[in-house]
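In: Based on what follows, work out the 3D shape:
(4 chains)
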2 protein chains.
Amino acid sequence: MRIGELARRAGVSPRALRYYEQNGLIRARRSANGYRDYDEADVRLVAEIRSLIAVGFTLEDARPFVECLRSGHESGGSCPESVVVYRRKLAEIDSEIRSLLARRSEVAAQLAEACPGCLVKRGEP
Amino acid sequence: MRIGELARRAGVSPRALRYYEQNGLIRARRSANGYRDYDEADVRLVAEIRSLIAVGFTLEDARPFVECLRSGHESGGSCPESVVVYRRKLAEIDSEIRSLLARRSEVAAQLAEACPGCLVKRGEP
DNA sequence: GTAAGCGTTGACGCCGACGTCATGGTCAAG
DNA sequence: CTTGACCATGACGTCGGCGTCAACGCTTAC
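Out: The predicted structure follows:
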């Protein structure tokens, strides 16, 4: 299939697919006229990339998953390199959450100090 | 005082100060030779900006706080416009935290599915 | 033949908060 | 007089994941 069809089936733009290729995440055979030519496996690859992007992975993070799939594994996350990324990502997310919680209480404290009574505490009428 | 001294006292770079000025957050008188000339009040303004930036505010977010200080208030957060920004920011942070929590559980679920037993659950030997 | 609708590559735009040159003026110390 | 430490403006670079032209070629339908 050509790039437009893959794009529709994977729910991405052709531009995104070329960008993935530019970063070595997907490859494409070329037809005689120079058009990119994809197969079913590529649909799966792009789907994997999208599901990872959707939960906050970068394209770099997605690379080991794609290579895991290409090496024949049924799941992109079943290779040790992918598991490493999974763990690192969980740690990053936890770190961000802690950071946000700290910022949240900082902001709430600043608001309470600058404007006592401005913080609406529900449940205390 | 000149830009270098303000920068040192406020813990920022001269470049940052020029950038703040470019965005209308701070202003400076000019000496005869064209040098920017600041006073003590500016130290306070920059400190306010920095403390807001530190908790994740953008320069746009900081604007009402700066104007609040300039209008004579002792606290940058005691003006209604500032309070509006405080509330909006708290809502944004809460939204991000929820998003991160959702992503975290998504990632954990993907890891659990792709590699059962890879999730180390402490307390279950 | 021609218009529509695909495809190609290349290159700039975006967003935020500056860092980092490049180029040149100002001023005090030696 | 020169060095060095400051100052000025202006402009490009950074980071990610594309969007959005531009300018062109291919294919199919009419």
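In: what's around residue A:33, how many residues?
Out: 6 (other Cβ atoms under 10 Å in any protein chain shown). (C-beta placed from N, C-alpha, C; glycine too.)
In: just checking, it is part of a helix?
Out: No: secondary structure of residue A:33 (DSSP: H, G, I helix; E, B strand; the rest coil): coil, not part of a helix.
In: Which part of chain A gets nearest to DNA strand C, residue-wise?
Out: residue A:4 (2.4 Å; Cβ to the nearest atom of the strand).
In: Next one: that residue from residue B:33, what distance?
Out: Residue A:4 is 62 Å from residue B:33, where distance means Cβ to Cβ, to the nearest Å.
In: mean confidence for stretch A:117-125?
Out: Regarding stretch A:117-125, the rounded mean pLDDT is 57.
In: no, scratch that, I was asking about stretch A:55-64
Out: 96.
In: in that stretch, what's buried?
Out: Within stretch A:55-64, the residues that count as buried by 16 or more other Cβ atoms under 10 Å in any protein chain shown are A:55-57, A:59, A:61-64.
In: Then stretch A:89-109?
Out: Neighbour count says stretch A:89-109 has A:89-90, A:92-93, A:96-97, A:100, A:103-104, A:107 buried, by 16+ other Cβ under 10 Å.
In: any bit of that stretch sitting next to DNA strand C?
Out: No: judged by Cβ under 7 Å from any atom of the strand, stretch A:89-109 makes no contact with DNA strand C; its nearest approach is 13.7 Å.
In: same check, this time on stretch A:52-62
Out: No: Stretch A:52-62 does not reach DNA strand C (Cβ under 7 Å from any atom of the strand); its nearest approach is 14.4 Å.
In: Please name every helix or strand in contact with the longest helix anywhere in chain A.
Out: Longest helix in chain A by number of residues (criterion: DSSP state H): helix A:80-114. Judged by 3 or more Cβ pairs under 8 Å, 6 or more residues apart in numbering or on different chains; DSSP states H and E, the packing partners of helix A:80-114 are helix A:59-70, helix B:80-114.
In: what does the first one rub up against?
Out: Right, helix A:59-70. Contact partners of helix A:59-70, identified using Cβ atoms under 8 Å, 6 or more residues apart in numbering or on different chains, comprise A:20, A:23-26, A:41, A:44-45, A:48-49, A:52-53, A:75-79, A:81-82, A:84-85, A:89.
In: Dump the C-alpha coordinates for it into CSV.
Out: Extracted in CSV, the C-alpha atoms of helix A:59-70 (Å, rounded to 0.1, in the frame of the first residue of the first chain):
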residue,chain,number,x,y,z
LEU,A,59,10.2,8.7,19.1
GLU,A,60,13.6,7.7,20.6
ASP,A,61,11.8,5.8,23.3
ALA,A,62,9.7,4.0,20.7
ARG,A,63,12.7,2.8,18.8
PRO,A,64,13.5,-0.4,20.8
PHE,A,65,9.8,-1.4,20.6
VAL,A,66,9.8,-1.1,16.8
GLU,A,67,13.0,-3.1,16.5
CYS,A,68,11.5,-5.7,18.9
LEU,A,69,8.5,-6.1,16.6
ARG,A,70,10.7,-6.2,13.5
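In: ok, stretch A:37-56 near DNA strand D or not?
Out: Yes: with Cβ under 7 Å from any atom of the strand as the criterion, DNA strand D is reached by stretch A:37-56 at residue A:53.
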